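Trainee: Make a model of this:
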Amino acid sequence: MRVWRAVFFILGLIAIAGQAGAAVPVSSDTIALGVGQTVFRHRFIAAVPAVATGDYFRPAVAYPEIAVDPKYKHALSFQMTPMFPPRRVAVPSFGPLILYSDDLDCLVFSPLDHFFISLVSFENGRIRYGIEGEIAAIPAGFTHRFLLVEGKGINATIEAWGEAIRRDRGVARRDRYADLSLSHLGYWTDNGAAYYYNTEPGMTPEETLLAVKREADDLKIPYGYLQIDSWFYYKAASWPLPGGMQRWEPRPEVFPRGLDGLHRLTGLPLITHNRWFAKENAYRDRCAFVDDRRMALPTDRCVFDEFAANAKKWGVVTYEQDWLINQFWGNAWLRDGVDHAERYLANLAGAMADRGLTMQICMSGTAHVMAAVDHPNITTVRSSIDYFPGISKESYWPQFHINNMVVWAIGIWPYKDTFQTAEKHGWAEALISSLSGGPVGPSDFLGKTNTDILARTCRTDGLLLKPDKPATPIDAMFLPHRRPFTVATYSDRGAQGRWVYLSAFLIERYHPDRRPADRIWPYVSYDFSDPSLFFYFPDEVDDWRVDPRRDLAIAGPAVLYDWKTRRAEIVSGPFQMPPIRRLYDFNHFLLAPILENGMALLGETDKFVPLADKRFTEIKTEPDALEITLAGQPGEVVTLRAFDARAGRIIGPRNFTIGTDGTAIARLTR
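Mentor: From the prediction side, this is the model:
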């Protein structure tokens, strides 16, 4: 019996407004889940036919509005467009709607089910919510729930909101190492990659990827999989870009030995991409489809079962479904039934799950992210727009980190998209990917990969070294400021404490290095919107202060380690980070707890995540030493540092070699 069934309960029969103000008989109640958490539940007593208004954004049914405290002056919402860009205003959306005060009191409101037909907005101090206007009819007994969570702090309240949704379903977060995309370094070929619809001169796509694998072996780059994007299968002719998918099979001129041949020749599992269906496709004669103006959509599992069976034979481990929000807007069937979009996603995810395949969803809206809570094999979501080397990081980095608050709360892992290590900001791209806790997917040309960068993300066997959660913006980023864009995450080690990772990126409007291309790209990427609509975009950055208590919830003294300069000091209050001069450059810090013997473990400081639990399996303190159990590939050399808070000095670097059993015992003494 769920906890909320035993607490505060109000039941009433009220007439809720439908189209043209008609009364809709609905049984509604309000359920308190706990302090600051409320469910609003609405059950339709009778069927409601012909309820559509003809406009998605003019609700077919409007539930009673919810007045909120005037202190909530600020809003954050998410566009219903690919990769759900954040907005600093309340735009009508699937939700969640996030409201907050100058003091960072926070309120999060969203649907608790039927995410795709839910419409949430905020006007004149009131939350307005209901059912979108293209629903054809509502069946008798249909129940629709919404969730309101209030708390202190934006990150903390969003996390509590997600926990309430997961608790309602009885599901846990996806494991950080749930599949190969999450556990190991991989090579990608999607948009922005070196070999997206491109090959090495004189080579076929198959020959190009075989050359990538040979080079990786020569350079000891431990790729664990290959991602194969939309260029491998049959698509309809269209201008200027390829059209919908007609047959999801490798074209012989691309892979003459098939995907199973590529899998066999490289020895690497595959992640494969798919897009929307063309109206004329190879499956419609034997599977159920519904057509719209530009695309077809399967309405049962038939075609997805075939895809999953083929993928399994080809050596595929993760299926990537792209163009999801475009399909939502491109096919009215997904919008005209109370469960059509959920049924589509369940058919897709269920078919893949039955064959043991995990999924990545891409170009989604927040409804897809929230609905993923019901599908355990959806492990990752692309929460950044398509990467383009070297341009306009204000188009990618802030939005990605903001979106990740929602992704993490729901319990899946974000993918930043690919990156090229050889680009000007390759170090920062790799750092952001590593701190996301999601896939790390480089995509360089042959001869261009910076192996030093990739080595900072993983062990020598390719196992990624991750924080415990994705890096997200500190709460101060959501109020006007003149600070670098600052994000944080951590590694928790139980009784030993929490190691916090703090990164800051120089993103400012009037930096002299911001080129015309940097200024234009956000407008091209976001329907001609200025970046300041998505995040606080300071004209200049001149505030380099960090308050560990306010910004990072670190109450006592800690050791601050500068990842770039390799200097360490004890901080017990606010400190100044070194100013960043180059546009899009970064600072990266570790804040380490001082242990009971007066030492602080700085860990494997050559890595972006120095205290990853897949490296450090046990940490013991002795009066004048730290004893650490390490994990890794046999023969791997691990370089460690610590800090003696009593003497004020760094201990190390000291090297330790992983033994044949995959472990080593390291001792760092004063």
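Trainee: what about stretch 444-457, distance to the chain center?
Mentor: 23 Å (C-alpha atoms, centre = their mean, to the nearest Å).
Trainee: who touches residue 323 in this structure?
Mentor: 82, 275, 276, 362, 363 (C-beta atoms under 8 Å, 6 or more residues apart in numbering). Using the backbone N, CA and C atoms, a C-beta is placed for each residue, glycine as well.
Trainee: And those residues, which is closest to residue 102?
Mentor: Residue 102 lies nearest to residue 82 out of the contacts of residue 323, by C-beta to C-beta, at 32.3 Å.
Trainee: which residues touch the residue most central in space within the chain?
Mentor: Centrality entry for the chain: nearest residue to the mean C-alpha point is residue 414, 2.1 Å, by C-alpha atoms, centre = their mean. For residue 414, the contact set (C-beta under 8 Å, 6+ apart) comprises 380-384, 400, 403-404, 407-408, 436-438, 470.
Trainee: Please tabulate those residues in CSV and include secondary structure, neighbour count and pLDDT as additional columns.
Mentor: Output for the contacts of residue 414, formatted as CSV (DSSP: H, G, I helix; E, B strand; the rest coil; neighbours: other C-beta atoms under 10 Å; pLDDT from 0 to 100):
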residue, secondary structure, neighbour count, pLDDT
380, strand, 28, 98
381, strand, 29, 98
382, strand, 26, 98
383, coil, 31, 97
384, coil, 23, 95
400, helix, 27, 98
403, helix, 25, 98
404, helix, 27, 98
407, helix, 27, 98
408, helix, 25, 98
436, coil, 29, 98
437, coil, 24, 98
438, coil, 28, 98
470, coil, 25, 98
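Trainee: now these as TSV including distance to residue 125?
Mentor: Below are the contacts of residue 414 laid out as TSV (distance: C-beta to C-beta, whole Å):
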residue	distance to residue 125
380	37
381	32
382	35
383	30
384	33
400	31
403	26
404	29
407	29
408	29
436	36
437	37
438	37
470	32
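Trainee: and stretch 317-337, which residues are buried?
Mentor: Buried positions in stretch 317-337, judged by neighbour count with 16 or more other C-beta atoms under 10 Å: 317-328, 330-335, 337.
Trainee: Do you have the helices of the stretch 401-550 of the chain handy? List them.
Mentor: 426-435, 451-455, 516-525, 548-552 (DSSP state H, counting those that start in this stretch).
Trainee: Looking at the ones you listed, spot the one closest to residue 33.
Mentor: helix 548-552 (28.3 Å).
Trainee: From residue 210, how far out is the residue nearest to residue 249 when sequence neighbours are not counted?
Mentor: In space, and not counting its chain neighbours, residue 249 is closest to residue 233: 6.1 Å by C-beta to C-beta, 6 or more residues apart in numbering. According to C-beta to C-beta, to the nearest Å, residue 233 and residue 210 sit 19 Å apart.
Trainee: Which one of those two is surrounded by more residues?
Mentor: Using other C-beta atoms under 10 Å, the more surrounded residue of residue 233 and residue 210 is residue 233, with 21 against 15.
Trainee: Surely that one touches residue 248?
Mentor: Yes: under the criterion of C-beta atoms under 8 Å, residue 233 makes contact with residue 248 at 5.1 Å.
Trainee: Overlap of the contact sets of the two?
Mentor: residue 274.
Trainee: Give me the subset of the buried residues of stretch 317-337 lying in helices.
Mentor: Under the assignment DSSP state H, the buried residues of stretch 317-337 contribute 324, 325, 326, 327, 328, 330 to helices.
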